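Novice: predicted coordinates and the sequence they were generated for:
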Amino acid sequence: MKTLLLSLLCLFVWSQSSEALTDQQVVLGQNVTLACEYRLKGVIWFVMKLPARPEMILRTFGSEKKTEYYDEKFREKYSEGDRSRLVINNVSVDNLGIYYCIKPGFALQISDGIRLHTTEV
């Protein structure tokens, strides 16, 4: 299931125009909170760092206060904020990329992207 989802995400992201992106400037070393446009309790977050494939970060669940990380390496850097927000702790150059949230369900809905960038590099 994870492989199929990643394949679909790749197809979507590479076909999406840059007009569907919101730029968000960040300060390295600070925390940043990204808001999903769906404003749900249960969403999936992933990041795209070209030319690499998308990486699933975490999934939140509606009524449960549970966060499922797709890789344990994300546990220290990312956390769930309230109402489908993603918190990135101590932003580094490795965290720069395009972030998307997915509204789970039979017909997945993928948000417009949020591109993190800095002028400090």
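Specialist: Alright, I've got the coordinates.
Novice: per-residue confidence for residue 15?
Specialist: With respect to pLDDT, residue 15 scores 46.
Novice: ok, the host helix or strand of residue 24: who's next to it in the sheet?
Specialist: Using DSSP states H and E, residue 24 sits in strand 21-25. Strand 21-25 has its sheet partners listed here by DSSP bridges as strand 113-117 (parallel).
Novice: can you show me the strands along this structure?
Specialist: Using DSSP state E, the strands found in the chain span residues 21-25, 32-35, 44-48, 55-60, 67-69, 78-80, 85-88, 98-103, 109-110, 113-117.
Novice: and the contacts of the fifth one?
Specialist: The reference is to strand 67-69. By C-beta atoms under 8 Å, 6 or more residues apart in numbering, the residues outside strand 67-69 that reach it are 57, 58, 59, 60, 61, 75, 78, 79, 80. Placement of C-beta: from N, CA and C, glycine included.
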